[in-house]
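In: predicted structure and sequence below. I'll ask about it afterward.
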Amino acid sequence: MTHRLLVSLCILFLLAPPPFAGAASYGMPKGVSRERMVNRHLRGKTRGAMTNISRKFTRPDEVARSMKTYKNEAHGITLGYPANWKVIENYMNTVVSFVSPLADVHDTLTENVNILVEDAEDSLAESTRSALEELQNLERFKLVSSEDIILDSLPGKAVSYTAGASPPLKFKQVWTVRNGKLIIFTFASASDAFREYVKIFDKMVSTVSFQ
């Protein structure tokens with residue numbers, strides 16, 4: 001497996017707007033590895049910048065009543081997403097990212113879900129082993145949970161973990177192997193917002209279907 005799993009985490013931070021820059025995104029500086037960018041953003045985005053995020057909670061049941069459907073013909077993936085979230089396709093090697101709206105001018109993180117597709121190892125077990133090895137490279141990585149799941153009749157894996165400086169971010173990733181491809185769904189938020197927002201992520205994952 002390549003380092004694209006780490007890239008998917010980096011994207012979560014590249015989609016976070018810098019202070020006083022509205023909804024603008026960061027660029028990837030030339031000559032800086034994606035792995036270094038992951039840790040840089042983990043450090044830079046977790047100190048103080050998350051303090052206002054709890055003000056923008058949306059009840060998951062309200063989100064579930066206003067879902068749209070996204071379909072990607074190339075990869076045969078269909079899923080629902082919140083109607084007021086922005087859809088960004090083909091950003092930094094992702095298939096698609098779903099980006100939450102900003103709460104106000106003080107909001108510094110756009111929670112988002114992205115989908116990444118890459119070549120799989122020989123099996124789901126091997127892909128999972130490689131993925132967990134890569135995640136160990138994250139700053140202050142701590143595995144919170146790991147469980148086997150079924151994703152549209154396919155066996156898959158769901159992991160939750162924290163990473164980054166104080167306060168850390170909390171992540172949930174779900175992946176499965178289909179037709180020789182590893183399909184990864186990634187979500188992250190500040191730890192104090194995670195309990196509410198992960199319900200939205202879980203709702204989105206529950207709607208996934210493959211064609």
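Out: Right, received. Where do you want to start? Residues are numbered from 1 along each chain as shown.
In: lowest-confidence helix or strand of this structure?
Out: Within the chain, confidence by mean pLDDT, DSSP states H and E is lowest for helix 34-44 among all helices and strands, at a mean of 40.
In: which residues of the protein fall in strands?
Out: Remark: strands assigned in the chain by DSSP state E are 67-72, 77-82, 86-89, 96-99, 112-119, 142-151, 154-163, 169-178, 181-190, 209-210.
In: buried sites along the top helix by length along the chain?
Out: Using DSSP state H to define each element, the chain has its longest helix at helix 191-206. Using 16 or more other Cβ atoms under 10 Å as the test for burial, helix 191-206 gives 193-194, 196-201, 203-205. C-beta here means a position set from N, CA and C on the backbone, and glycine is covered the same way.
In: re the thing from before, now render the strands of the chain as JSON lines, adding mean neighbour count and mean pLDDT.
Out: Shown next, in JSON lines, are these (neighbours: other Cβ atoms under 10 Å; pLDDT from 0 to 100):
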{"stretch": "strand 67-72", "mean neighbour count": "14", "mean pLDDT": "94"}
{"stretch": "strand 77-82", "mean neighbour count": "21", "mean pLDDT": "94"}
{"stretch": "strand 86-89", "mean neighbour count": "14", "mean pLDDT": "92"}
{"stretch": "strand 96-99", "mean neighbour count": "22", "mean pLDDT": "91"}
{"stretch": "strand 112-119", "mean neighbour count": "21", "mean pLDDT": "90"}
{"stretch": "strand 142-151", "mean neighbour count": "12", "mean pLDDT": "95"}
{"stretch": "strand 154-163", "mean neighbour count": "18", "mean pLDDT": "94"}
{"stretch": "strand 169-178", "mean neighbour count": "22", "mean pLDDT": "92"}
{"stretch": "strand 181-190", "mean neighbour count": "23", "mean pLDDT": "89"}
{"stretch": "strand 209-210", "mean neighbour count": "15", "mean pLDDT": "96"}
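In: out of these, flag the one nearest Arg129.
Out: strand 154-163 (10.3 Å; Cβ to Cβ).
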